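# compute the structure for the input listed below.
(one chain, ligands or ions: 2)
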Amino acid sequence: MTQSNRMLLGVNIDHVATLRQARGTRYPDPVKAALDAEEAGADGITVHLREDRRHIQERDVLLLKDVLQTRMNFEMGVTEEMMAFAERIRPAHICLVPETRQELTTEGGLDVAGQEARIKAAVERLSRLGSEVSLFIDADERQIEASRRVGAPAIELHTGRYADAQTPSEVAEELKRVADGVAFGLGQGLIVNAGHGLHYHNVEAVAAIKGINELNIGHALVAHALFVGFKSAVAEMKALILAASSK
Ligand SMILES: CC(=O)[C@@H](O)[C@H](O)COP(=O)(O)O
Ligand SMILES: NCC(=O)COP(=O)(O)O
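Residues are numbered from 1 along each chain as shown. Ligands and ions are numbered 1, 2, ... in the order given. Just a heads-up that it's a prediction; the model follows:
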């Protein structure tokens, strides 16, 4: 996710695998979704190999490693098992995320400030692979400063609170929190990405924030793909992002 002039779209294919795992079938295949996403203009493919393997499996990551034309953004919890797996696949990008076994989805950002030594060691170890390591954090100055201190070149701001906001004033407040976080992160010299819970109706305001390098989007794309197909779903999202970010 190297800094670029136009905002990038990272397509998260986790929930293609969610549908497959619901029945234990061979379909739908997230690897096919990744290739379709690339054809439709995805700038990268994001996968989150969860400890409980609820969606993406090792098999998916290993195949993707061989077939992706763009680049993999590998989301992982900070565990020895995942560190060893990342060392095996050496993804271009690694995003460290918090993980709770029972959670419905990733509920908040990684507490970097509360465990700096542990995250610093993980960032150093993973950076030795040649991977660009980012930290999935809340748009909070304390966490952003800690991310810089532990040596991560990039952060991904969790937009879930913005996506979940109900009233116009809550939406505006959460959007401002993200925009302030982007500005603060850039001021710290970090590459700033964002994502979680973004969909066709809320993405434009985030894409209009100057300085975001990449948006990672998954669930809404997979849902829309049921009706229009994966390539169209990705192309529509990409068009929205490009239009909003180039105003
Ligand atoms: C870290 C993140 O935001 C994504 O990986 C997202 O978590 C994927 O979906 P689930 O959280 O539902 O696994
Ligand atoms: N890191 C966020 C991500 O990859 C996609 O999250 P979502 O769009 O599935 O909520």
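
# low-confidence ranges, the protein, go.
Within the chain, the stretches with pLDDT under 70 are 1-4.

# try 90 this time
1-5, 100-107, 247 (pLDDT under 90).

# what's the nearest residue to the most centrally placed residue in it if we skip its chain neighbours?
The centre of the chain sits closest to N216, judged by C-alpha atoms, centre = their mean, with a distance of 4.2 Å. Nearest residue to N216, sequence neighbours excluded (C-beta to C-beta, 6 or more residues apart in numbering): G195, at 3.3 Å. The C-beta positions use only the backbone N, C-alpha and C, and glycine is treated the same way.

# residue contacts, that neighbour?
10, 12, 156-159, 214-217 (C-beta atoms under 8 Å, 6 or more residues apart in numbering).

# farthest pair in those?
Largest separation among the contacts of G195 by C-beta to C-beta: N12 and L157, giving 15.1 Å.

# out of the two, which sits in the busier spot?
L157 (30 against 26; other C-beta atoms under 10 Å).

# helix, strand, or coil at the more buried one?
Following DSSP: H, G, I helix; E, B strand; the rest coil, we place L157 in the strand state.

# touching, it and G185? I think so.
Yes: applying C-beta atoms under 8 Å, one finds L157 in contact with G185, separated by 7.3 Å.

# secondary structure class of the residue nearest to the centre of the chain, three-state.
Strictly by three-state DSSP, N216 counts as strand.

# the biggest helix by length in the chain and ligand 2, are they touching?
Longest helix in the chain, counting residues (DSSP state H): helix 168-187. No: figure legend: helix 168-187 not in contact with ligand 2 (C-beta under 6 Å from any ligand atom); closest approach 13.1 Å.

# sweet, I'm off.
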